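Visitor: dropping a prediction and its sequence here:
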Amino acid sequence: MIIDVKSENEMKVFGKKIGDLLSGGEIIELVGDVGAGKTTLVKGIATGLDIKEYVQSPSFTINRLYNGRNNIKLAHYDFYRLNDAGVMADELIETINDSNIVTIIEWAGVIQGVLPTDILTVKINTISENSRQIEISAGGSKSQKLMENLKI
């Protein structure tokens with residue numbers, strides 16, 4: 001599935017559509033260059049999960065955890081600064097196996113060995129300063145259902 005967004009606000013609105021559909025246990029991989037809009041998308045997803053906290057990029061902290069609606073938590077990981085996940089891989093395994101946590105991962109290459117196949121991959125391609133093309137693919141039945149529900 002391919003979606004075009006033409007502004008930061010449209011990215012947040014699209015993220016909210018994703019967040020509205022999440023029930024816990026989903027794993028989303030975000031792919032895109034620095035500045036592509038990954039954190040902006042996560043801010044929208046957080047809105048859909050009724051998260052009231054300010055959402056920040058976890059680039060320097062590696063992960064952030066937010067509380068959302070119905071006991072759903074959002075775990076946002078960014079492995080950009082790591083060459084080896086080390087003990088973070090163990091934490092990630094616990095997180096992705098918790099059915100109350102939505103896990104979002106940026107720069108997942110360093111932890112590909114611990115990820116299940118059923119993940120929703122969201123690739124953000126920069127078209128211009130404000131425009132992005134989003135490519136979404138599903139790796140299993142749960143992420144496929146999520147992707148199908150996103151169709152506009």
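Guide: Now that the structure is in, tell me what you want to look at. Residues are numbered from 1 along each chain as shown.
Visitor: all strands for this protein, in order.
Guide: 2-5, 27-31, 63-67, 73-78, 101-106, 120-126, 132-138 (DSSP state E).
Visitor: residue 114: neighbour count?
Guide: Other residues lying near residue 114 total 14 when counted by other CB atoms under 10 Å. All C-beta atoms are positioned from the backbone trio N, CA, C, and that covers glycine.
Visitor: ok so, going back, export the strands of the chain to TSV and tack on mean pLDDT?
Guide: As requested, the strands of the chain are exported to TSV (pLDDT from 0 to 100):
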stretch	mean pLDDT
strand 2-5	94
strand 27-31	94
strand 63-67	92
strand 73-78	93
strand 101-106	94
strand 120-126	96
strand 132-138	96
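Visitor: for the ones you listed, give me JSON lines that also has mean neighbour count.
Guide: As requested, the strands of the chain are exported to JSON lines (neighbours: other CB atoms under 10 Å):
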{"stretch": "strand 2-5", "mean neighbour count": "15"}
{"stretch": "strand 27-31", "mean neighbour count": "23"}
{"stretch": "strand 63-67", "mean neighbour count": "16"}
{"stretch": "strand 73-78", "mean neighbour count": "23"}
{"stretch": "strand 101-106", "mean neighbour count": "24"}
{"stretch": "strand 120-126", "mean neighbour count": "19"}
{"stretch": "strand 132-138", "mean neighbour count": "17"}
